[in-house]
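Asks: here's my sequence, what's the structure:
(chains A, B, C, D, E and F)
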Number of protein chains: 6
Amino acid sequence: MIYITRRERFNAAHRLFREDFTDKQNDAVFGKCSNPNWHGHNYELFVTVKGELNPQTGFLLNLKTLSKIIREQVIVKLDHKNINLEVDFMNGKLASTENLAIGIWEELEPHIKALAANLHCVKVSESENNFVEYYGN
Amino acid sequence: MIYITRRERFNAAHRLFREDFTDKQNDAVFGKCSNPNWHGHNYELFVTVKGELNPQTGFLLNLKTLSKIIREQVIVKLDHKNINLEVDFMNGKLASTENLAIGIWEELEPHIKALAANLHCVKVSESENNFVEYYGN
Amino acid sequence: MIYITRRERFNAAHRLFREDFTDKQNDAVFGKCSNPNWHGHNYELFVTVKGELNPQTGFLLNLKTLSKIIREQVIVKLDHKNINLEVDFMNGKLASTENLAIGIWEELEPHIKALAANLHCVKVSESENNFVEYYGN
Amino acid sequence: MIYITRRERFNAAHRLFREDFTDKQNDAVFGKCSNPNWHGHNYELFVTVKGELNPQTGFLLNLKTLSKIIREQVIVKLDHKNINLEVDFMNGKLASTENLAIGIWEELEPHIKALAANLHCVKVSESENNFVEYYGN
Amino acid sequence: MIYITRRERFNAAHRLFREDFTDKQNDAVFGKCSNPNWHGHNYELFVTVKGELNPQTGFLLNLKTLSKIIREQVIVKLDHKNINLEVDFMNGKLASTENLAIGIWEELEPHIKALAANLHCVKVSESENNFVEYYGN
Amino acid sequence: MIYITRRERFNAAHRLFREDFTDKQNDAVFGKCSNPNWHGHNYELFVTVKGELNPQTGFLLNLKTLSKIIREQVIVKLDHKNINLEVDFMNGKLASTENLAIGIWEELEPHIKALAANLHCVKVSESENNFVEYYGN
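Replies: Sure thing, here's the model as predicted:
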């Protein structure tokens, strides 16, 4: 069993808030992250896949394939987008880093499985000080 | 003459576009950066001040003072904000990294001068691949 | 189950030595790290908490709360301090990165538990080449 | 149980290809990584060891000892070398990051065991976007 | 006058040696960098352009254009290549970082000038410890 | 004319204070940096040398030589030391990053000159947020 990780990046806008909260409640819970005019981040996404080596290639899986899947299934939907308004798999969810990691996991998992590999971890880094890891449930 | 640099960070949303351009023109010039629903970045700001050492302190200037000025004059206006909609010194300007660097210079310069020091460079980094430096005119 | 990590930083002085060792013994075991006049580091602290998402906030726990706990319980005791002389929870222990990670875990754990979350890992990085991780016992 | 990690670095040339493949097959599977004239990387190696604290030193193991083992057993064989042509433990294997991580594990493990510690993880980073982790089998 | 910098990356093999030197002489001057079987690096290239803002776009020049020029004129010739054997503009030159920076400057300058901008600096970073800057002559 | 930079690192303890200040005055000017029990940093030192290429080697100067000079003249005096108490060239000076950069310049300059090269810049980084550059007087 070996683990391989690919990093991809995206820049997006978001806002943390609940529609059923008053502005005051949103501010109390989410602080400046609830600014109605949005703010944004340079997100880093680390996707870790685990499995057995393919003896013919010396690869767990081809990183070009993994990168292509991540870009087509996830990055294209997130990069230079508004996470609250434009990302189908975040529809109706709070745009937290936690939900983002879970959402990205769900988008990627069937495509990794189709390669006969196993998604191990989705890590989303929002800033140099904050990151979330999700290992599935 | 010695140079001292302080880094501060802010997260903001922005959009590159001209109101007098059609959507098609905006897309041709600014690409995905013109997304009407905004996107955002983790900006890094490096402020370099130059001057003579104060022999009593061994400092060019106290970094706590410099950090306080940058935070009060610039970061509080930019952090978790929408650069197009909410930042007074970017009013009516294209929200490019270039204009941001020039705007930050203009905000900071009188306050640095008041400390008997000289603003040397404002560097704004938008991503790990792109940054702008402005040395005044 | 999801994992969220907050990075905080502190600058501190320390020295690796045993009082019951001669200078020669200290030098043999701890080398230049046993310099009696101290040396120091820019430490990075990564605190990872695990738990279930709060469906109302989309958070595992509020990172502002986590950051406040880490600063109040740990950083304020370590930052710009001498780890051998001034840090209560390191009293009588060798000021190694290993003991630092364990000590920080013990300081933080009751406060994380009080938030109905679980401390998962304390990682202390002493330099770009060395770091320690502790997952409790 | 505590975990300590040492980073070491090496610069090496390599090429991904199979002798029993035609050039066309090599290009289809390995792309530009199969360039017959080689290319290279600044590899980063992170070696994580786990075990109990030595109460006399406050160490899991002396990082100087760990660094010395890594340099003598691995770095000296890899640094400024051609991984395909000059590295005994990569003989007859595809020079993938996966095989490199496994090969380094096998070189290091007996020497870590001899210190009464346990090798936990060998992580090899080929670029800022790609890395492999191996935890033994 | 404002300065904008774009980072691009490439992985390449090289060797430092003179054909008119004996092996012993090459080893004395170039050390392990003269290994006949090559070694390699993850190079980082920072290209800085200076000029006046275009008031219509708020740009000095469009970073997409700058990135495209750097990739087409330089990266495609260097990435996953052998600098000694395969890079036309390094033909007959020692494959040092200094010569690489000068060679890249000469490749890029006419294309930057064609955009009515000025190439200011080519910075080539060979490792986290070594980099070269060239500002033209 | 070309510029080459070598990074070296050192870990040291220091304290900012004046003997002719009361504790209260030291605290007012230097804050927690005046802690009498010291604190410390992972300093990064960037030494930039400028000059003409040596056509025989393709080097401005051999980085091994430059690294050796920096280590012998500077790093050995600073690494794992107390800057206030143990560093001859900081004797009687405030242990600020500014004075450190100037002191390192003065230590290095004659040795760089002896190589027929010119010291261009000494940059000392105290933390990820603060650095000083000195270009001589």
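
Asks: taking chain A, what residue is nearest to chain F?
Replies: Closest approach between chain A and chain F, counting by CB to the nearest CB: A:Glu128, at 8.5 Å. All C-beta spots, glycine's among them, are computed from the backbone N, C-alpha and C.

Asks: that residue and B:Asn11, how far apart?
Replies: 11 Å (CB to CB, to the nearest Å).

Asks: joint contacts of those two?
Replies: Common neighbours of A:Glu128 and B:Asn11 (criterion: CB atoms under 8 Å, 6 or more residues apart in numbering or on different chains): B:Asn42.

Asks: more crowded one of those two?
Replies: Higher neighbour count among A:Glu128 and B:Asn11: B:Asn11, with 22 against 14, using other CB atoms under 10 Å in any protein chain shown.

Asks: the more buried one looks like it's in a helix, true?
Replies: No. Counting by DSSP: H, G, I helix; E, B strand; the rest coil, B:Asn11 is located in no helix; its state is strand.

Asks: need the contact list for it.
Replies: By CB under 8 Å, 6+ apart, the contact list for B:Asn11 reads A:39-41, A:127, B:40-43, B:79-80.

Asks: excluding sequence neighbours, find me the nearest residue to the residue located most distally from the centre of chain A.
Replies: Within chain A, A:Gln56 marks the point farthest from the mean C-alpha position, 31.3 Å out by CA atoms, centre = their mean. Closest residue in space to A:Gln56, ignoring its immediate chain neighbours: D:Arg18 at 7.4 Å, by CB to CB, 6 or more residues apart in numbering or on different chains.

Asks: follow-up on the earlier one: if we take the contacts of B:Asn11, which one ends up nearest to C:Ala101?
Replies: Distance ranking of these against C:Ala101, using CB to CB, places A:Ser127 first at 23.0 Å.

Asks: any idea how far the nearest residue to A:Met1 once chain neighbours are set aside lies from chain E?
Replies: Of all residues not flanking A:Met1 in the chain, A:Lys50 sits nearest, at 5.9 Å (CB to CB, 6+ apart). Note on A:Lys50: its distance to chain E, by CB to the nearest CB, to the nearest Å, is 25 Å.

Asks: what pairs with the strand or helix carrying A:Lys50, parallel or antiparallel?
Replies: Element membership for A:Lys50 (DSSP states H and E) is strand A:39-51. Within its sheet, and counting by DSSP bridges, strand A:39-51 is paired with strand A:2-14 (antiparallel), strand A:118-127 (antiparallel).

Asks: in a markdown table: those, plus mean pLDDT.
Replies: Output for those, formatted as a markdown table (pLDDT from 0 to 100):
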| stretch | mean pLDDT |
| --- | --- |
| strand A:2-14 | 98 |
| strand A:118-127 | 98 |
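
Asks: and among these, the most buried is which?
Replies: Of all the strands paired with strand A:39-51, strand A:2-14 carries the top mean neighbour count, a mean of 22, counting by mean count of other CB atoms under 10 Å in any protein chain shown.

Asks: helix or strand next in line after it, which one?
Replies: helix A:23-30.

Asks: what is the rounded mean pLDDT of that next one?
Replies: Mean per-residue pLDDT for helix A:23-30: 95.

Asks: repeat that for stretch A:63-74.
Replies: On average, stretch A:63-74 scores 97.

Asks: correct me if wrong: A:Gly103 contacts A:Asn91.
Replies: No. Contact criterion CB atoms under 8 Å: A:Gly103 and A:Asn91 do not qualify, at 9.4 Å.

Asks: who's more crowded, the two?
Replies: Set side by side, A:Gly103 and A:Asn91 show more neighbours around A:Gly103, with 24 against 10, by other CB under 10 Å.

Asks: the more buried one belongs to a strand, doesn't it?
Replies: No. According to three-state DSSP, A:Gly103 belongs to no strand; its state is helix.

Asks: what sits closest to it if chain neighbours are left out?
Replies: Nearest in space to A:Gly103, with sequence neighbours left out and distances taken as CB to CB, 6+ apart, is A:Phe89 at 4.5 Å.

Asks: burial measure for that neighbour, as a count.
Replies: Counted with other CB under 10 Å, the neighbours of A:Phe89 add up to 16.

Asks: now do the SS call for it.
Replies: Per three-state DSSP, A:Phe89 ends up helix.

Asks: wait, it sits on A:Leu78?
Replies: No. Counting by CB under 8 Å, A:Phe89 stays clear of A:Leu78, with 9.4 Å between them.

Asks: what angle separates the helix or strand harbouring A:Lys64 from strand D:118-127?
Replies: Under the criterion of DSSP H and E, A:Lys64 resides in helix A:63-70. Per axes from the mean of the first three to the mean of the last three CA atoms, to 10 degrees, the angle that helix A:63-70 makes with strand D:118-127 is 80 degrees.

Asks: that's all I had, so thanks and see you.
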